[in-house]
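Peer 1: need the 3D shape of this:
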Amino acid sequence: MTSPPPHGRTELSLTPAEAPPQLRADAARNRARLLEAAARLAAEQGAANLTMEAVACAAQVGKGTVFRRFGDRSGLLLALLDHQEQRFQAAFMSGPAPLGPGAPAGERLHAFGPAALRHEDAHRELYLAATQPDPVRRHLVPARLVRLTHLTTLLREADTDADAELAAQTLLGYLDTGLVHHLLTRRGLPLSRVEAGWHDLVSRMLVRGDR
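Peer 2: Numbering: from 1, shown residues only. Have a look, this model is predicted:
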């Protein structure tokens, strides 16, 4: 008989949301062309000003094509966000240590926060535009679930006393784009201080109590 998890915790699955079905080659090319046009417009005019009509015009397709591919403006922004996230995911999943594999879990946790903060700072307007419309929906975004899975796995590997999944949610909350934007722009905190706060939070989570 399997013993119950410690402290009455229920271990939740770490599997990210189901991946979207594989697109046909022509559909994938059309999607890539739309995202390229959207990325160009976002860079020129700002992600907050991006519209489905403008993307359709830039890609020289009907507006209905953009809606069929992405559903709505939020879906388009999330697709753009996913494109940027893929680069960051490659860094922490297969890049050099300590962010990538090859370093102890604790070192990788410390490296993750500053890397995420700097990545999002470079694309802050897109992250803000993509995550603001629906505060519930953003918790189900595949990119966020990948981050949650990664942090939960590292916390478990570090063998802390913390509830790994809830601790990972706390760490993700610290990296919330809106919060970081507020701290950097409204509160005037330097990015180095926000990074130092991450290291302090991780260090506290990695402390083990007496067994």
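
Peer 1: nearest residue to the middle of this protein?
Peer 2: Centroid check for the chain by C-alpha atoms, centre = their mean gives R144 as the closest residue, at 4.1 Å.

Peer 1: which residues touch the helix or strand bottoming out on mean pLDDT in the chain?
Peer 2: Within the chain, confidence by mean pLDDT, DSSP states H and E is lowest for helix 124-131 among all helices and strands, at a mean of 85. Residues outside helix 124-131 that contact it (C-beta atoms under 8 Å, 6 or more residues apart in numbering) are 42, 46-48, 50, 74, 77-78, 80-81, 84, 120, 138, 141, 177-178, 181. In short, each C-beta sits where N, CA and C put it, glycine included.

Peer 1: which parts of this protein are helices?
Peer 2: Counting by DSSP state H, the chain has helices at residues 25-45, 52-59, 63-70, 73-94, 105-122, 124-131, 142-157, 164-174, 177-181, 191-206.

Peer 1: of those helices, flag the one that's most buried.
Peer 2: helix 124-131 (a mean of 21; mean count of other C-beta atoms under 10 Å).

Peer 1: flag the shaky bits of this protein, pLDDT-wise.
Peer 2: 1-23, 132-138, 209-211 (pLDDT under 70).

Peer 1: ok, 80 please
Peer 2: Low-confidence segments of the chain, defined by pLDDT under 80, are located at 1-27, 131-141, 208-211.

Peer 1: circling back: the least confident helix or strand of the chain to helix 142-157, inter-axis angle?
Peer 2: 100 degrees (axes from the mean of the first three to the mean of the last three C-alpha atoms, to 10 degrees).

Peer 1: now do helix 124-131: distance to the chain's middle.
Peer 2: Averaging C-alpha coordinates over helix 124-131 and over its chain gives two centres that are 11 Å apart (C-alpha atoms, centre = their mean, to the nearest Å).

Peer 1: can you check stretch 60-73 too?
Peer 2: Distance, centroid of stretch 60-73 to centroid of chain: 24 Å (C-alpha atoms, centre = their mean).

Peer 1: one more: stretch 111-131?
Peer 2: Its chain's average C-alpha position is 8 Å from that of stretch 111-131, according to C-alpha atoms, centre = their mean.

Peer 1: and for stretch 202-211?
Peer 2: So, by C-alpha atoms, centre = their mean, the centroid of stretch 202-211 is 25 Å from its chain's centroid.

Peer 1: please apply the same query to stretch 99-115.
Peer 2: For stretch 99-115, the distance to the chain centre is 16 Å (C-alpha atoms, centre = their mean).

Peer 1: which residues does that stretch contact?
Peer 2: 88, 91-94, 96-98, 150-151, 154-155, 157-158, 171, 174-175, 195, 198-199, 202-203, 205-206.

Peer 1: check stretch 83-92 too.
Peer 2: Against stretch 83-92 from outside (C-beta under 8 Å, 6+ apart): 35, 39, 99-100, 108, 112, 115-116, 119, 123, 126, 143, 146, 150.
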